[in-house]
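[1] Structure for this input, please:
(2 chains)
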Amino acid sequence: MSNEIKYHLNDAILMAYAAGSLPEAFNLMVASHLSLCDTCRAQAESFDALGGEVLEAMADDAAVALRPDSLEATLALIAGGPVDAAETNETACSVLPKPLRDYVGGDLDTIRWKPVGMGVKQAILPTSKEASARLLFIPAGTAMPDHGHHGTEMTMVLKGAFQDEDDYFARGDVEIADSDMHHTPVADIHEDCICLAVADAPLQFDRLIPKIAQRFLRI
Amino acid sequence: MRIRDNKDTQAFAELFDHFAPRVKGFLMKSGADASLAEECAQDVMAALWNKAHQFDPTRASVATWIFTIARNRKIDILRRQRRPEPEDLGWGPEEEPDQADILSLQQETEALGAALAQLPDAQRELIEKAYFGDLTHSEIAKETGLPLGTIKSRIRLALDRLRHTMK
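    Numbers count the residues shown, from 1 in each chain, chains lettered A, B, ... in the order given. Just a heads-up that it's a prediction; the model follows:
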């Protein structure tokens, strides 16, 4: 846990996370950020509370009566159902927050990196198709290809740091890029950088070569 | 609380009468047919009982908690996806939660409900649409018009206490 996170998720994303309407890859980004950021976690839980109040305030004509034997059926379900397995509390000192470890199947050493050129490596995570999630390894001092966006792209630093034209992003910081943004992130010179990147539309690269590479990278 | 501490069936029946029809309505608005929504509503209420020991009343109201279980079921059943959850801080404080903290959270939740009720119709409907799953994150307004800051501070305090006990 660090209190130094400067770049946070916005309310629209946190509200959609609470409402359950984000694509899976975005949910993974939010859950990973909330694992590192209590400021956003408290805001996300406030949006959960709002959901509770929306449910509470639901007009009587929107609530739907259950079958007459429903309570009995539920009590039977409880009587026969499994009690929750005790949740294991793993140590929180790993580089990958718990939700990411679940997708990777372990910590950093279990990631199956694929090289994509210039020393950059990526690992695509299995999520639903509406959006993609990948881990990126960017060697210290290396620039990512300049690119713009159609949809929303979010990048969170897990290790090391990167900077673009305006800002410096360290562990836990999220850069949110929308369609009007063009940028060239560069990994900090002192350390290799590992990020989680999610996008709900393919990125657009400005130069010819990355465009060809795009087909192979599935970015 | 009676369910959490005493496994009280009568208290459960009262919660069931109040919330199960709302959960069923919520699931049907989200696209489930009546029989699937019925089945899921029973599941959600059963989960409420089975997970009662995880409920932390200094961090969430009962309505909030039921909403989160229902939402997760919705993603699970209707979208056939799992929902990544943040790293667990250990819901449910080990010692007795402080009554004053429970009361403040309750008051903040009620204030939030009252503020929601007072919003202009169009704005309230937009929030309802967001929660019933009709809006994407880019369609959700940047401003809700609701005073979320106060409840956020309460939850933040509860998180700080949890972090403290974990050390």
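
[2] domain assignment for chain B?
    Listed domain ranges for chain B are B:2-87, B:115-166 (source: automatic domain parsing).

[3] Can you pull out the residues in contact with whichever helix or strand A:A79 is part of?
    Using DSSP states H and E, A:A79 sits in helix A:70-80. Applying CB atoms under 8 Å, 6 or more residues apart in numbering or on different chains, the contact partners of helix A:70-80 are A:67, B:9, B:12-13, B:16-17, B:20, B:38, B:41-43, B:45-46, B:49-50. Using the backbone N, CA and C atoms, a C-beta is placed for each residue, glycine as well.

[4] in chain A, which spans are strands?
    For chain A, applying DSSP state E gives strands covering A:114-117, A:120-125, A:132-138, A:147-149, A:153-159, A:162-163, A:168-169, A:174-177, A:186-187, A:193-199, A:203-205.

[5] Just name the most buried of the ones you listed.
    Most buried of the strands of chain A by mean neighbour count (mean count of other CB atoms under 10 Å in any protein chain shown) is strand A:193-199; its value is a mean of 25.

[6] I would like the residues contacting that strand, please.
    Residues from elsewhere that reach strand A:193-199, judged by CB under 8 Å, 6+ apart: A:25-26, A:28-29, A:32, A:95, A:100, A:108, A:131-140, A:149, A:151-162, A:187, A:219.

[7] Tell me which strands that strand pairs with, and in which orientation.
    Strand A:193-199 has its sheet partners listed here by DSSP bridges as strand A:132-138 (antiparallel), strand A:153-159 (antiparallel).

[8] how far off strand A:120-125 does that strand point, in degrees?
    50 degrees (axes from the mean of the first three to the mean of the last three CA atoms, to 10 degrees).

[9] Compute the number of surrounding residues for the closest residue to A:L96 other than its chain neighbours.
    In this structure, A:L96 finds its nearest non-sequential neighbour in A:D107, 5.4 Å apart by CB to CB, 6 or more residues apart in numbering or on different chains. Burial of A:D107 is recorded as 14 neighbouring residues (other CB atoms under 10 Å in any protein chain shown).

[10] right, and A:D107 touches A:P97 too?
    No: using CB atoms under 8 Å, A:D107 is not in contact with A:P97, being 10.2 Å away.

[11] if we can go back for a sec, columns mean pLDDT on top of the strands paired with strand A:193-199, output as CSV?
    As requested, the strands paired with strand A:193-199 are exported to CSV (pLDDT from 0 to 100):
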stretch, mean pLDDT
strand A:132-138, 93
strand A:153-159, 94
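
[12] Now those in CSV, please, with extra columns for distance to A:E4.
    Below are the strands paired with strand A:193-199 laid out as CSV (distance: least, CB to CB, whole Å):
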stretch, distance to A:E4
strand A:132-138, 21
strand A:153-159, 12
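
[13] quick one, which of those strands is nearest to A:A42?
    strand A:153-159 (18.1 Å; CB to CB).

[14] what's the spacing between the closest one and its chain's center?
    8 Å (CA atoms, centre = their mean, to the nearest Å).

[15] Show me the contact partners of that strand.
    The contact list for strand A:153-159 (CB under 8 Å, 6+ apart) reads A:9, A:13, A:26, A:29, A:32-33, A:95-97, A:100, A:108, A:135-136, A:162, A:169-177, A:185, A:191-200, A:203.

[16] if you set the cut-off to 6 Å instead, what comes out?
    Strand A:153-159 is contacted from outside by A:29, A:33, A:95, A:169-171, A:173-177, A:194-199, using CB atoms under 6 Å, 6 or more residues apart in numbering or on different chains.

[17] With stretch A:28-48 instead?
    Residues outside stretch A:28-48 that contact it (CB under 6 Å, 6+ apart) are A:5, A:8-9, A:14-15, A:17-18, A:97-100, A:133, A:154, A:156, A:172, A:174, A:196, A:198, B:64, B:68, B:84-87, B:148, B:151-152, B:155-156, B:159.

[18] swap in stretch B:113-133?
    By CB under 6 Å, 6+ apart, stretch B:113-133 touches A:19, A:21, A:51, A:53-54, B:29-30, B:135, B:140, B:145-147.

[19] before we move on, what about stretch B:30-46?
    Under CB under 6 Å, 6+ apart, the answer for stretch B:30-46 is A:73-74, A:77-78, A:81, B:16, B:20, B:23-24, B:27-28, B:69-70, B:73-74, B:77-78, B:132-133.

[20] pLDDT weak spots in the chain?
    In the absence of a named chain, this looks at chain A. Along chain A, segments meeting pLDDT under 70 span A:1-3, A:81-93, A:145-149, A:202-219.

[21] actually it's chain B I care about, not the one you picked
    For chain B, applying pLDDT under 70 flags the ranges B:1-7, B:90-95, B:166-167.

[22] So which residue is smack in the middle of it?
    Geometric centre of chain B, nearest residue: B:T64, 2.0 Å, by CA atoms, centre = their mean.
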